[in-house]
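Visitor: would you be able to build a 3D model of this:
(chains A and B)
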Amino acid sequence: MSLFSTKQYRIEQALLKSAVAGNSQASKEVIRLLSSPAYSLAWKMLGKKEDAEDVVQEAFIRLWKGADRFSGKSGLSTYFYTIVSHLCLDRIKSINKGFFEEFDEFDYYPTQEINWNHAEGIEPGSIKRAMNSLSAKQRMAMLMWAYQDMTAEQIGHALEMNKNSVDQLLYRAKLKLKAELEKGEFHAIER
Amino acid sequence: MRSNDKKYLNKALDQIEVQSPSFDFEQRIYQDWQRAVTNVEQPTHRLSEALVLPRLHPRIVGLITIVAIAASVLIGQHLLMSQDEELHRIDALSELSLSTI
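Guide: Residues are numbered from 1 along each chain as shown, chains lettered A, B, ... in the order given. This is a model prediction of the structure:
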């Protein structure tokens, strides 16, 4: 762990401890830091305001109650996204009973950088549709990686997977996303 | 350093418009926090109640302690003074009885 991250961890741990001990200023600071990006993540995962708000609220309750478990293996935001991601996946499981794809990334793909040769302005609607075509875990990993700028290690920590599995999951997600976006472009040209 | 596909996808995902949360969303989280913190502090029996009280209301407990100390000092002083008076009274009575003898 670098000097900065150790220092950062101490600051975050002190802040969380203070919030849990009853300091309202510290709790407001924790809420301010985490609520907005967590809500965006949950919304992009679930697509509904009420669901996203419920998940983030529940995640905060778990954070307050389980503050002792914040060990500093990752940053506070990563720790919080772990809680949010689990709650999102649980919610998707409960909504789509029988349709939830469990971890299915067993085949090994030699991962390599994908060439995105789409025009700069893709329609937001096409991106949304393409994202919805991914499995819940692929979508979560993709959002954490590209949208929240988390590393594969951090995602692995959040989704309880090793780094190689996360790399595979992301690679397959990217391939599928690219195919879906190309399909969308093709339909747009056809129209 | 960010890879090109990460940059590209970040840009693309950023385009998905997120519906704003309710205006009182953060307030509700804050209320949840207050409830959660109060529950954690909730005493389970009388002894822990006494231990938890100073953490929940430090000012009130401090004030009560100061008042209790001041009251006990005053009562102690009063008791000592009244004991002295009693001794004086007994002395005076015994002197009176001796003089009458």
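
Visitor: dump the helix or strand encompassing A:Met45 to CSV, restricted to CA.
Guide: Under the assignment given by DSSP states H and E, the secondary-structure element containing A:Met45 is helix A:24-46. Provided in CSV are the C-alpha atoms of helix A:24-46 (Å, rounded to 0.1, in the frame of the first residue of the first chain):
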residue,chain,number,x,y,z
SER,A,24,-23.5,14.7,12.4
GLN,A,25,-20.9,16.8,10.5
ALA,A,26,-18.9,13.7,9.7
SER,A,27,-22.0,11.7,8.7
LYS,A,28,-23.1,14.6,6.4
GLU,A,29,-19.6,14.5,4.8
VAL,A,30,-19.7,10.7,4.2
ILE,A,31,-23.2,11.1,2.7
ARG,A,32,-22.1,13.9,0.5
LEU,A,33,-19.0,12.0,-0.7
LEU,A,34,-20.7,8.7,-1.5
SER,A,35,-24.4,9.2,-2.2
SER,A,36,-24.3,10.8,-5.6
PRO,A,37,-21.9,8.5,-7.4
ALA,A,38,-23.5,5.5,-5.8
TYR,A,39,-26.9,6.6,-6.9
SER,A,40,-25.6,7.1,-10.5
LEU,A,41,-24.1,3.6,-10.4
ALA,A,42,-27.3,2.1,-9.0
TRP,A,43,-29.5,4.0,-11.5
LYS,A,44,-27.4,2.9,-14.5
MET,A,45,-27.6,-0.7,-13.2
LEU,A,46,-31.3,-0.8,-12.3
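
Visitor: that one packs against which elements?
Guide: For helix A:24-46, the elements it packs on are helix A:3-20, helix A:49-65, helix A:76-95, helix A:136-142, helix B:25-41, judged by 3 or more C-beta pairs under 8 Å, 6 or more residues apart in numbering or on different chains; DSSP states H and E. Any C-beta I mention is one placed from the backbone N, CA and C, and that applies to glycine too.

Visitor: quick one: the longest one to helix A:24-46, angle?
Guide: The one in question is helix A:76-95. For the pair helix A:76-95 and helix A:24-46, the angle between their directions (axes from the mean of the first three to the mean of the last three C-alpha atoms, to 10 degrees) equals 40 degrees.

Visitor: just to revisit the earlier point, and B:His88, which of the helices and strands packed on helix A:24-46 is closest to it?
Guide: helix B:25-41 (54.0 Å; C-beta to C-beta).

Visitor: any stretches of chain A with poor pLDDT?
Guide: Low-confidence segments of chain A (pLDDT under 70): A:1-5, A:96-113, A:116-121, A:184-191.

Visitor: count the residues that sit near A:Trp43.
Guide: The tally of other residues near A:Trp43 (other C-beta atoms under 10 Å in any protein chain shown) stands at 23.

Visitor: got a list of what the residue nearest to it when sequence neighbours are not counted touches?
Guide: With C-beta to C-beta, 6 or more residues apart in numbering or on different chains as the criterion, A:Trp43 has its nearest non-adjacent residue at 4.0 Å, and that residue is A:Ala52. By C-beta atoms under 8 Å, 6 or more residues apart in numbering or on different chains, the contact list for A:Ala52 reads A:Tyr39, A:Ala42, A:Trp43, A:Met45, A:Leu46, B:Pro21.

Visitor: kindly recompute the last result at 7 Å.
Guide: Under the criterion of C-beta atoms under 7 Å, 6 or more residues apart in numbering or on different chains, the neighbours of A:Ala52 are A:Tyr39, A:Ala42, A:Trp43, A:Leu46.

Visitor: give me the contacts around the helix holding A:Met45.
Guide: The contact list for helix A:24-46 (C-beta under 7 Å, 6+ apart) reads A:15-16, A:18-19, A:49, A:52-53, A:55-56, A:59, A:77, A:80-81, A:84, A:88, A:91, A:139-140, A:143, A:147-148, B:16, B:18-19, B:21, B:26, B:29-30, B:33.

Visitor: quick one: it to helix A:3-20, angle?
Guide: Computed by the same axes, to 10 degrees, the angle between helix A:24-46 and helix A:3-20 is 110 degrees.

Visitor: in helix A:24-46, which residues are buried?
Guide: By neighbour count, and taking 16 or more other C-beta atoms under 10 Å in any protein chain shown as the criterion, the buried residues in helix A:24-46 are A:26-27, A:30-31, A:34-35, A:37-46.

Visitor: quick one on the thing from earlier: just the buried residues of the contacts of helix A:24-46.
Guide: A:15-16, A:18-19, A:49, A:52-53, A:55-56, A:59, A:77, A:80-81, A:84, A:88, A:91, A:139-140, A:143, A:147-148, B:16, B:18, B:21, B:26, B:29-30, B:33.
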